[in-house]
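Chemist: Sharing a sequence plus its predicted fold:
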Amino acid sequence: MLGNHIWILHLYSCLGVCDLEILYEKMSRLGLILCRSNSWADCYKVEKPIAVNYKVIPRIRNCNLSIDYDKWKLIGKNNKHYIFSSNKKDEFTDVEIDESYDNIPVSNAAFLFVFPICFLYFFERFHLIENGFNRGWLNLMFVGTADIIYIGYMGAFISELVQKREFLRGIKRIEHKHSHFWFYFVLSCIINILQAVLLCIVIYKISEL
C-alpha cells in the first residue's frame, strides 16, 4: 500500500559507501524511498517508483561537511553514516575533513576481539577436540561457518578503514562500480545466512549437552 512504511534491520554488511548509494537508488526505483535511518534499521516509505540520488558519507569525528542544503537533504544518520538525498542530478560538493578523525570502527573492532573468545568457549564446551570432526558433520559445519563469518567481518573492518581514508583524499575520487556492488551484496547475504546457521547449530548443540 502506498504511504506505508517498511523497516529493514541493519544486518551484517560489507557494502561500501558507494555500494549503499547504489542500493538506495535501486530501492527507490522499486518504490521504496528511504526516509529515515538509525543505528538499528532503515525506514522506507512505499511510493511510486522514482529516481532518487543518494550520497552516503562515513561518520568521521571532526568532519566539516560543505553541502548545499537547498539541493541535498539530510534524511538519516546512524552510527556509521550520514545519508543525503536529492531529486536532482547535482554534483555533491567536496567534504572537508579534519585529519585528526577517529579512524577506528569501534563496533567492528570489538566484534573481532569478542568473537574468537566466544568461539573458543563453545569449542571447548562442545568437546570438539575429544569428539573430533568425524563424530558428526555439525562439528565441521560449526568450525567452517564460524571461520567464514570471522573472515567476512575482518574484510568489512578493513573496508571501513579504507573508505574513511579515501574520503580524506576527496569525495570526488570515490567511484560507483556496479560489479563490486553485486559481489559485496551477495557476500553480505551469504554471511547473514551463515550467522543464522551458526546460531541454530549452537542452540542445537547446547540442547544436547
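Modeler: Nice, thanks for sending it over. Residues are numbered from 1 along each chain as shown.

Chemist: can you give me the strands in this structure?
Modeler: Secondary structure of the chain (DSSP state E): strands at 5-9, 32-37, 41-46, 53-58, 63-65, 73-77, 81-86, 95-97.

Chemist: among the ones you listed, which gets the worst mean confidence?
Modeler: Among those, strand 95-97 carries the lowest mean pLDDT, at a mean of 50.

Chemist: now the strands of the chain in TSV, with mean neighbour count and distance to L120?
Modeler: Where you see a C-beta, it was placed from the backbone N, CA and C, and this is true even at glycine. Putting the strands of the chain into TSV (neighbours: other CB atoms under 10 Å; distance: least, CB to CB, whole Å) gives the following:
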stretch	mean neighbour count	distance to L120
strand 5-9	11	28
strand 32-37	19	35
strand 41-46	18	32
strand 53-58	22	32
strand 63-65	14	38
strand 73-77	16	36
strand 81-86	20	33
strand 95-97	17	39
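
Chemist: Nearest to W182, out of those strands?
Modeler: Closest approach to W182 among the strands of the chain is made by strand 53-58 (17.6 Å; CB to CB).

Chemist: among the helices and strands of this protein, which has the poorest mean pLDDT?
Modeler: strand 95-97 (a mean of 50; mean pLDDT, DSSP states H and E).

Chemist: excluding its backbone neighbours, what's nearest F119?
Modeler: For F119, ignoring the flanking residues on the chain, the nearest one in space by CB to CB, 6 or more residues apart in numbering is A146 at 5.2 Å.

Chemist: Next: A156.
Modeler: C14 (4.2 Å).
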